[in-house]
Structures are given as C-alpha cells and as structure tokens.
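Chemist: my questions concern the predicted model and sequence given below.
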Amino acid sequence: MAIQQTLSMIKPDAVQRNLIGSIITLVEANHLVVKKMTMTKLSTHDAKEFYIIHKDRDFYSKLIDYMTSGQVVVLLLEGNNAINVYRDLMGSTNPTEAKEGTIRKLYAEDTTRNSVHGSDSPENAIIEIDFFFK
Ligand code: CDP
Ligand code: MG
C-alpha cells in the first residue's frame, strides 16, 4: 500500500476531557506518524466551510455549534494506507456501532460529540489538509 496523508481532528469533547494524549498514543501505536499539528478554535465561518458537504443535513447547525464550542487539535498524519487505517481506528460515526478498541468506542459521547474527525477519501484529504496547513 502507498504512503498517504490524512487530516485528523481531535474534537472539542475530547480536548475538554483531557484526551489529547490518549488519542495520539493510539494514532502512533497504529503506525501513523504526526507530521504537523496545531491547536485552534474554529470560527463559525470555518466550521461551516469545513463541513459544507453536510450543509443540508438536519444535524448541520448542531454540528457547527459543537465544533465551535472549544478548542480542537488538528493533525496531519502520514503512513501506509493512512486514510483507511485512520478511519478504521476512529470507528463508526455513532459510537454505539463502533468496534471494540476504536477511538470512538473508547471515548465518544454520542453521534455528534464523537471525539475525532478523519478524511474519508484521497480527494477530501487534500482539500482538508489545505484547509488547515496550506
Ligand atoms: O465523522 P464521520 O465521517 O464519521 O461522519 P459524517 O457523516 O461525515 O458526519 C460528520 C460529523 O457530523 C460526525 O462526525 C458527527 O460529529 C456529526 N454528525 C451528527 O452530529 N449527527 C449525525 N447523524 C451524523 C453526523
Ligand atoms: Mg465524514
């Protein structure tokens, strides 16, 4: 498998519960390398832009309120097959459906406050990496 880069966020619920280190430990244990990292608080404008693909969904405004409720840690991760490796490590969007050992099974509070973001395709990884690290 080829080396890929993916964009990860540790979301406000996890930052607020002091889980940054625990999540990065899982990332590194799964052979993903942190290449860039920053901590920021998203503006409403930025959160809306980042999640523009979901603008017509009923959860959009709830998602924007949540994502702007506190700081996030943004990580550029690199590794073999990084996009799918990290998606697998995250687990399902709804933590009640997430597999044992995944970040969301371990830490997510609910389908909105689900602790982490990860790019879902090579195309979106490029867009999302540019969004934060251009
Ligand atoms: O993050 P992921 O790619 O697994 O899920 P998504 O379908 O792309 O949704 C983006 C984010 O919107 C989720 O991670 C949740 O924080 C939120 N969401 C929500 O609040 N309620 C839903 N029914 C689905 C997603
Ligand atoms: Mg998604």
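Modeler: That came through fine. Ligands and ions are numbered 1, 2, ... in the order given.

Chemist: T6 should be in a strand, yeah?
Modeler: Yes. If the criterion is DSSP: H, G, I helix; E, B strand; the rest coil, then T6 is within a strand.

Chemist: you'd agree it is up against G118?
Modeler: Yes. Assessed by CB atoms under 8 Å, T6 is found in contact with G118 at 6.0 Å. Every residue, glycine included, has its C-beta placed from N, CA and C.

Chemist: so between these two, which is more surrounded?
Modeler: T6 (27 against 23; other CB atoms under 10 Å).

Chemist: dig out what that one forms beta bridges with.
Modeler: On the basis of DSSP bridges, T6 is bridged to L77.

Chemist: check contacts around it.
Modeler: If a contact means CB atoms under 8 Å, 6 or more residues apart in numbering, then T6 has L32, L76, L77, E78, A82, I83, Y86, G118, S119, A125, I129 as its contacts.

Chemist: JSON lines please, covering those and showing secondary structure.
Modeler: What follows is those, written out as JSON lines (three-state DSSP):
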{"residue": "L32", "secondary structure": "coil"}
{"residue": "L76", "secondary structure": "strand"}
{"residue": "L77", "secondary structure": "strand"}
{"residue": "E78", "secondary structure": "strand"}
{"residue": "A82", "secondary structure": "helix"}
{"residue": "I83", "secondary structure": "helix"}
{"residue": "Y86", "secondary structure": "helix"}
{"residue": "G118", "secondary structure": "strand"}
{"residue": "S119", "secondary structure": "coil"}
{"residue": "A125", "secondary structure": "helix"}
{"residue": "I129", "secondary structure": "helix"}
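
Chemist: with respect to ligand 1, which of these is nearest?
Modeler: Distance to ligand 1, by CB to the nearest ligand atom, is smallest for G118 among those, at 6.9 Å.

Chemist: chain neighbours aside, what residue packs nearest to that closest one?
Modeler: Y86 (4.6 Å; CB to CB, 6 or more residues apart in numbering).

Chemist: check which helix or strand covers the residue nearest the centre of the chain.
Modeler: Note on the chain: the residue nearest the mean C-alpha position is H117, at 1.6 Å, using CA atoms, centre = their mean. Using DSSP states H and E, H117 falls within strand 116-118.
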